[in-house]
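>>> Provided below are the primary sequence and the corresponding predicted coordinates.
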Amino acid sequence: MRFDPLGPLGDVLRAPGVTDVVVNGPQDVWRDRGIGLERVDLDLRDADAVRELAVRLASSGGRRLDDASPLVDARLPDGTRLHAALPPIADGCALISLRTVRRTPLTLTDLVTGGVVAPAVAPVLEGLVANHASVLISGATGAGKTTLLATMLSAVDPGERIIVIEESGEVMPDHPHVVRLVERRANVDGVGEVGLESLVREALRMRPDRIVLGECRGPEVREVLTAFNTGHRGGMSTIHANSAGDVPARLAALGSLAGMSQDSVAAHASAAFEAIIHVKRGSAGRRVAQIGILDASRGLRVLPALAVDASGQVARGEAWEHLCERAGTAPGQVSNVEA
């Protein structure tokens, strides 16, 4: 019988629809199936058993987890993302967080059927991809940013070469020509690090048709903005933000880490990204909630183009026609959008 490093968590994590499993204690296990956390009836015995499980998981991902190194972020052999913390960093018991990686990408039709994308929004997303618009997908943790990113990349012309740059391999589009660059962290001696910003620069030399950064979360934002402003159209990335309107502040904060002024971030970002797509998770599940356009005429801001409420009703905003232009779609071709 093949050894399963996930142990008793394996059946929970692999159940249909589960995206996350978290362990807070021996009898405190939770899962997320897209509608929020739900408690799981699972007994992991005691704190020592939870610690042993965390250490074993880290080892299977090629990482060290012990008193000298009590925090770990790793990728398990099956692609599952692991984060674990040991006491005394974690209070009382080791903490384990697991996130699955979807191996079979969803199609845009799947997202429409599942209520993630409103039918009226689908042709806009298709148009943005086909028209080589550069897109930034925003949202909170677990909102579905990576899923939407992989789905849109799956719609890219098969003749195009996609370079995906990530902290860990999470973006899995259904596309015949995907090249992946994954950052390398420093070893125990503090050497050997290869960061995302270096990988973005290297990607420019690899004959990319589209450059994709899995997540903008640090000074690599400068390299992305530079790349998208030097002829590399059709790129995509994700960013953590509470709403589409909060994206400018988030970009400014990341830009400051790279030594960029707010004016410089505004000028580069407004030219780099044709659309901001915000995804949201609520009691009804995940959905594309907003699409906007970055504007730098009066400081960097997002002009609303589309808003989708929890019932799926779609309303246009002041930037609706600009969005249609960037998606190569005539406004009249998109139905069921309220004025």
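Nice, I can see it.

>>> who does the longest strand seen in the chain pair up with?
Longest strand of the chain, by residue count under DSSP state E: strand 285-295. Using DSSP bridges, strand 285-295 pairs in its sheet with strand 275-282 (antiparallel), strand 301-308 (antiparallel).

>>> Residue 4 is in contact with residue 10, isn't it?
Yes - between residue 4 and residue 10 there is a contact under CB atoms under 8 Å: 4.8 Å. Bear in mind the C-beta positions are built from the backbone N, C-alpha and C, glycine included.

>>> Spatially central, which residue of the chain would that be?
In the chain, the residue lying closest to the centroid (CA atoms, centre = their mean) is residue 146, at 3.5 Å.

>>> Now do the contacts for residue 77.
Applying CB atoms under 8 Å, 6 or more residues apart in numbering, we find residue 77 in contact with 5, 60, 61.

>>> Quick check, residue 129 in contact with residue 154.
No - Residue 129 is beyond contact range of residue 154, at 9.2 Å (criterion: CB under 8 Å).

>>> sorry, back to before: output the strands paired with strand 285-295 as a markdown table; include the columns distance to residue 241, mean pLDDT and mean neighbour count.
Below are the strands paired with strand 285-295 laid out as a markdown table (distance: least, CB to CB, whole Å; pLDDT from 0 to 100; neighbours: other CB atoms under 10 Å):
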| stretch | distance to residue 241 | mean pLDDT | mean neighbour count |
| --- | --- | --- | --- |
| strand 275-282 | 7 | 92 | 23 |
| strand 301-308 | 10 | 95 | 21 |
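
>>> Relative to residue 248, which of the ones you listed is closest?
strand 301-308 (5.8 Å; CB to CB).

>>> Now do the helix or strand following the closest one, average pLDDT.
Proceeding N to C from strand 301-308, the next assigned helix or strand is strand 314-316, under DSSP states H and E. Across strand 314-316, the average pLDDT comes to 92.

>>> cool, and stretch 322-337?
Rounded mean pLDDT across stretch 322-337 is 77.

>>> Figure out how far the longest strand of the chain is from the centre of its chain.
Relative to the centre of its chain, strand 285-295 is centred 14 Å away, using CA atoms, centre = their mean, to the nearest Å.

>>> just stretch 290-306 next, same as before
Going by CA atoms, centre = their mean, where stretch 290-306 is centred and where its chain is centred differ by 21 Å.

>>> Same question for stretch 27-46.
23 Å.
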